[in-house]
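Visitor: Sequence unavailable; structure follows:
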Ligand SMILES: O=C(CO)COP(=O)(O)O
């Protein structure tokens, strides 16, 4: 099953909620993760079940980063606020770096997210299922 992470900074939360509502049919049946507040907002507005990690500034980006490091995240939708400094900027940079290390599709704005989710809907993420099935077990 594909694993997807939702993350949004405060001034982008309304955007991500509306985005997930619009594509709820695509996200249904996937394993969903999020940072704390983002996930709460999405679950209040949809019927989706999301595993929520800590809030971003308290370590949530790093928790999602850990799954990326283990190659267990297949898609990251991270609606960043480019006009507001974040206290946990190093965590954000680290998460995006890990996406590049492991070649994980990551959108940092709504326009890219839309293209990736449409690709997901038409089956373009089949290669990630292959990665999943070929992955050696941990430990
Ligand atoms: O800060 C965030 C990502 O860097 C998001 O955290 P919240 O979803 O808890 O607001």
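Guide: That came through, no problem. Nothing here was measured: the structure is a model prediction, and the numbers come from that model. Numbers count the residues shown, from 1 in each chain.
Visitor: what does this structure put close to the ligand?
Guide: Taking Cβ under 6 Å from any ligand atom as the measure of proximity, the chain contacts the ligand at 7, 9, 35-38, 55-57, 60-61, 92. For the C-beta atoms, the positions are set from N, CA and C on the backbone; glycine is no exception.
Visitor: Looking at stretch 14-27 now, give me its mean pLDDT.
Guide: Averaged across stretch 14-27, the pLDDT comes to 98.
Visitor: In it, which residues are buried?
Guide: Within stretch 14-27, the residues that count as buried by 16 or more other Cβ atoms under 10 Å are 16-17, 19-20, 23, 27.
Visitor: for stretch 116-127, same thing?
Guide: 116-117, 120, 125.
Visitor: hang on, the earlier thing: narrow the residues of the chain next to the ligand to just the buried residues.
Guide: Buried by 16+ other Cβ under 10 Å: 7, 9, 35-38, 55-56, 60-61, 92, out of these.
Visitor: Which of those residues fall within strands?
Guide: residue 7 (DSSP state E).
Visitor: now, which of the buried ones among the residues of the chain next to the ligand sits nearest residue 104?
Guide: residue 7 (13.0 Å; Cβ to Cβ).
Visitor: Now, the buried residues of stretch 116-127 that are in helices?
Guide: With helices taken from DSSP state H, the overlap with the buried residues of stretch 116-127 comprises 116-117, 120.
Visitor: Could I get those in CSV, plus columns for pLDDT and distance to residue 72?
Guide: Listed next are these as CSV, based on pLDDT from 0 to 100; distance: Cβ to Cβ, whole Å:
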residue, pLDDT, distance to residue 72
116, 98, 18
117, 98, 19
120, 97, 17
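Visitor: Tell me where this protein has strands.
Guide: 3-8, 31-34, 51-52, 75-79, 106-107.
Visitor: Just the mean pLDDT for the last one, thanks.
Guide: When the per-residue pLDDT values of strand 106-107 are averaged, the result is 98.
Visitor: any low-confidence regions in the protein?
Guide: The chain contains residues with pLDDT under 70 at 136-139.
Visitor: any idea how far residue 86 is from residue 105?
Guide: 22 Å (Cβ to Cβ, to the nearest Å).
Visitor: on that earlier part again, ok, so of the buried residues of stretch 116-127, who is nearest residue 46?
Guide: For these, the residue nearest residue 46 by Cβ to Cβ is residue 117; the value is 14.1 Å.
Visitor: Fine, thanks again, bye for now.
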